[in-house]
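J.: Please find the sequence and the predicted model below.
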Amino acid sequence: MLRWLGVGGGAFQMNKSELVQEISSRTKLPSAEVTQVVEAFVRSVQQQVIRGDKVVLSGFGTFHRKSRARRTARNVWTDEPLLVPATNVPAFKPGKPFREAVARRRRTRATAAAKATAPAARRRKAT
């Protein structure tokens, strides 16, 4: 159950309940059990990242905490400098197989689009 976002070339989005439905249908487990597992997974990842630990899922990616240094920004209305304090933010770095699968999907779509337009381009050259 994906929702069309219709932004930047088109994209689909899946929320947590739709993810639970998808996993439930693939594993034939009750949605209530899958919901508990997904929520436990999210809580575990959050707790580890908050503590500063990395959560490595081989082949998928790494969840970690990233430090952002203190910096000076600018108030756009008054053009005054504004000090933004240092902070920690959650981050995710996709693993190589995941990155390659996403890149391969994009290349496949681009190649298909190029092949679809190629015959029309050849006809124009011929005339």
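T.: Great, that's in hand.

J.: Please, where are all the strands along this protein?
T.: Assigned by DSSP state E, the strands in the chain fall at 3-4, 12-13, 55-57, 61-68, 71-74, 81-84, 87-94.

J.: Quick one: closest of those strands to Glu33.
T.: Nearest of the strands of the chain to Glu33, taken as C-beta to C-beta: strand 55-57 at 20.6 Å. C-beta: built from backbone N, CA, C; applies to glycine.

J.: And the contacts of that closest one?
T.: Ser44, Val45, Gln48, Val49, Thr62, Phe63, His64, Gly95 (C-beta atoms under 8 Å, 6 or more residues apart in numbering).

J.: try 10 Å
T.: Here strand 55-57 makes contact (C-beta atoms under 10 Å, 6 or more residues apart in numbering) with 41, 44-49, 61-64, 92-93, 95, 98.

J.: Please report which of those has the highest neighbour count.
T.: Comparing the contacts of strand 55-57 by number of neighbours (other C-beta atoms under 10 Å), Val49 comes first, having 20 neighbours.

J.: so what's it up against?
T.: By C-beta under 10 Å, 6+ apart, the contact set of Val49 is Val55, Phe63, His64, Arg65, Lys66, Asn88, Val89, Pro90, Ala91, Phe92.

J.: any idea how far Arg71 is from Thr78?
T.: Thr78 sits 18 Å away from Arg71, going by C-beta to C-beta, to the nearest Å.
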